[in-house]
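**Q** Compute the structure for the input listed below.
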Amino acid sequence: MTVGTRIRYMGNKQQLAGEVAVFCESLRDGRRLVDLFGGMGSVAGAAAASGRNVWVNDIQSYAQLATRCLITSSNEPPPADSVRRTLLPAYRHNLSALRERYATELESERHVLRRGDFEALRRLQDEWRHAGNDLDVATEVRALRDGHDDGPWRLATLLFAWGYFGLRQAAELDSIRFAIDHARDHEIIDDEQADWLHLAWLQTASRIASAPGHFAQFLRPTSAAGARRIVAARRRAAWDSLLDDVSTLRPYGEPAWRAHNRILGQDALTIWRELDALDVGPAIYYADPPYSKDHYSRYYHVLETLTQYDYPDADGAGRYRPDRFRSTFAVKTEVVGSVRTVAREVAARDGVLLLSYPSTGLLTMQLGIDPVVLLGEYFDDVKLAISRAARHSTLGGRHGAAGQEVVEYVWAAR
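**A** This next block holds a predicted model:
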């Protein structure tokens, strides 16, 4: 069993989360903790032991889904045996229709994976037509988005097959999603159970993907070693993985603690009116914004599209959705103004701001700005609360390196 999720996430800092929770307790007040860039909820989860209520905000739909389950759920996920009985008939129904449509292509894939034929693997991957490179497929996606088709569910198949997933895997993922939503729509499961199954399904997608730990790009069979890695990933079955994943997920804390938490889904720069309308009251605001020029949404666009299951347009080889969120904290010319906005809004509400930022960030390294000076424009008392050496995983996102050495800082301003 896992508290939290096994979805790999570049912003996930479990050790730092614990130190932030300890520091919050050193303030010795009952303020709730508002995590403005909540991600997968590690900081909120670390606060569970203290009983401090948390509000978790993130603009990405997949992160909101994860934290709804982990931070606010009433119950744990349904048992795997129950999931199997509930979903299997609808899963088989959708999968049968996709197998019929793609019978020839699925047989070609089976043959390649069984033999480990790397040249054929490369050829099939290069020749595959998807929503990012074929007008007919893109037109079909748009028709599905507009509700003009009642065939099998097939978002992953049309957008991500022979890229992030194999064709069989994509068809299985689509069929699992159909089965979950069918069960919810027919009130066989409730909304919270559907959330847990959606989260397990995202974790399955993350674990079986032919990708380097993120979804900015997928693996290509440019070498024998790379091809072997793809073949190994493509042989994984989504259905079997789902039953394993749902059995490992567990929420943070106790139900009584989770009942008083809240999940929000706004841009951290514009959330303030909503917080006021919700009567947030005196609060500790934890801000761990993006700190590099790499927009995080690029690394998780597949999870975002799977969560929304909205048949978006797909852009190019990476099959990116066109409405990916781009944070101004990841823009060198805008990061200072963005930090100032957060500081100003927190100060205006008599809040405590905990700004988490690494030594290698745009603000600290490239611009050479001292956050103590910047935060001092808005707060009377600014101090360095946490400083620790760390190795940040880049998930292959930084010139192929597995990670980089950094110093993580957290400044407290009040």
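**Q** Now do the same contact list for the closest residue in space to residue 361 that isn't next to it in sequence.
**A** Among residues not flanking residue 361 along the chain, residue 291 sits closest, at 3.3 Å (CB to CB, 6 or more residues apart in numbering). In short, each C-beta sits where N, CA and C put it, glycine included. Shown in contact with residue 291 (CB atoms under 8 Å, 6 or more residues apart in numbering): 329, 330, 357, 358, 360, 361, 362, 363.
**Q** Go ahead and report the secondary structure state at the closest residue to residue 153 other than its chain neighbours.
**A** The shortest distance from residue 153 to any residue other than its chain neighbours is 4.1 Å, reached at residue 178 (CB to CB, 6+ apart). What DSSP: H, G, I helix; E, B strand; the rest coil gives for residue 178 is helix.
**Q** Quick check, pLDDT for residue 178.
**A** On the pLDDT scale, residue 178 is placed at 98.
**Q** For it, give me its contacts.
**A** Residue 178 neighbours (CB under 8 Å, 6+ apart): 90, 91, 93, 94, 152, 153.
**Q** Helices - which of those land there?
**A** Within the contacts of residue 178, residues falling in helices by DSSP state H are 90, 91, 93, 94.
**Q** Same list, those, but as TSV with neighbour count, distance to residue 36 and pLDDT please.
**A** Below are the ones in helices among the contacts of residue 178 laid out as TSV (neighbours: other CB atoms under 10 Å; distance: CB to CB, whole Å; pLDDT from 0 to 100):
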residue	neighbour count	distance to residue 36	pLDDT
90	20	39	98
91	24	38	98
93	14	43	98
94	22	39	98
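**Q** Could I get the full set of helices for the stretch 301-414 of the chain?
**A** In the stretch 301-414 of the chain, the helices defined using DSSP state H, counting those that start in this stretch lie at 301-308, 335-348, 371-375.
**Q** what sits up against the second one?
**A** By that I understand helix 335-348. 36, 268-269, 272, 285, 287, 289, 327-329, 352-353, 355, 362-363, 367, 369, 371, 374-375, 377-379, 413.
**Q** OK, contacts around the residue nearest to residue 29 when sequence neighbours are not counted?
**A** In space, and not counting its chain neighbours, residue 29 is closest to residue 282: 7.7 Å by CB to CB, 6+ apart. Residue 282 is in contact with 29, 31, 349, 350, 351, counting by CB under 8 Å, 6+ apart.
**Q** could you list every residue that touches the fourth one?
**A** The neighbourhood of residue 350, defined by CB under 8 Å, 6+ apart, consists of residue 282.
**Q** can you pull the pLDDT of it?
**A** pLDDT, residue 350: 96.
**Q** how much space between it and residue 261?
**A** 22 Å (CB to CB, to the nearest Å).
**Q** Can you tell me which of the contacts of residue 282 are buried?
**A** Buried subset of those (neighbour count, 16 or more other CB atoms under 10 Å): 31, 349, 351.
**Q** So the last one sits against residue 285, correct?
**A** Yep, that's residue 351 we're talking about. Yes - taking contacts as CB atoms under 8 Å, residue 351 lies within contact range of residue 285: 5.1 Å.
**Q** Give the residue spans of the stretch 201-350 of the chain that score low on pLDDT.
**A** 293-297 (pLDDT under 70).
**Q** Which stretches in the stretch 151-300 of the chain count as strands?
**A** Assigned by DSSP state E, counting those that start in this stretch, the strands in the stretch 151-300 of the chain fall at 249-250, 262-264, 283-287.
**Q** ok, now how distant is the closest residue to residue 101 other than its chain neighbours from residue 205?
**A** The shortest distance from residue 101 to any non-neighbouring residue, by CB to CB, 6+ apart, is to residue 152 (7.5 Å). Between residue 152 and residue 205 the computed distance is 18 Å (CB to CB).
**Q** next one: residue 130
**A** Distance, residue 130 to residue 205, using CB to CB: 16 Å.
**Q** neighbour-wise, which of the two wins?
**A** Taking other CB atoms under 10 Å, residue 130 and residue 205 do not tie; residue 205 has more neighbours (29 against 20).
**Q** Burial check on the residue nearest to residue 289 when sequence neighbours are not counted, number of neighbours?
**A** Closest residue to residue 289 apart from its sequence neighbours, by CB to CB, 6+ apart: residue 329 at 4.0 Å. The tally of other residues near residue 329 (other CB under 10 Å) stands at 26.
**Q** And residue 185, by the same measure?
**A** 10.
**Q** domains for this structure, by residue range?
**A** The chain breaks down by automatic domain parsing into domains covering 2-73+260-290+327-413, 80-249.
**Q** and the helix or strand harbouring residue 55, which strands flank it?
**A** Element membership of residue 55, judged by DSSP states H and E, is strand 54-57. Under the criterion DSSP bridges, strand 54-57 sits next to strand 32-35 (parallel), strand 262-264 (parallel) in its sheet.
**Q** Please work out which residues outside that strand touch it.
**A** Counting by CB under 8 Å, 6+ apart, 32-38, 41, 43-44, 47, 67, 71, 261-266, 268, 271, 275, 280, 283 sit against strand 54-57.
**Q** Which elements pack onto the first helix or strand past it going along the chain?
**A** Downstream of strand 54-57, the next assigned helix or strand under DSSP H and E is helix 61-72. Packed against helix 61-72 by the contact rule (3 or more CB pairs under 8 Å, 6 or more residues apart in numbering; DSSP states H and E) you find helix 42-46, strand 54-57, helix 191-208, strand 262-264, helix 301-308.
**Q** what is residue 4 paired to in the beta sheet?
**A** Bridge pairing for residue 4 - DSSP bridges - gives residue 250.
**Q** gap between it and residue 42?
**A** Distance from residue 4 to residue 42, by CB to CB: 7 Å.
**Q** quick one, which of those two is more surrounded?
**A** residue 42 (26 against 20).
**Q** Excluding sequence neighbours, find me the nearest residue to that one.
**A** Residue 42 sits nearest to residue 17 (CB to CB, 6+ apart), 4.2 Å away.
**Q** I figured that neighbour hits residue 46, correct?
**A** Yes - look at residue 17 against residue 46 with CB under 8 Å: they come within range, at 4.1 Å.
**Q** hmm, back to that, do you know which of the helices of the stretch 301-414 of the chain lies nearest residue 107?
**A** helix 301-308 (25.8 Å; CB to CB).
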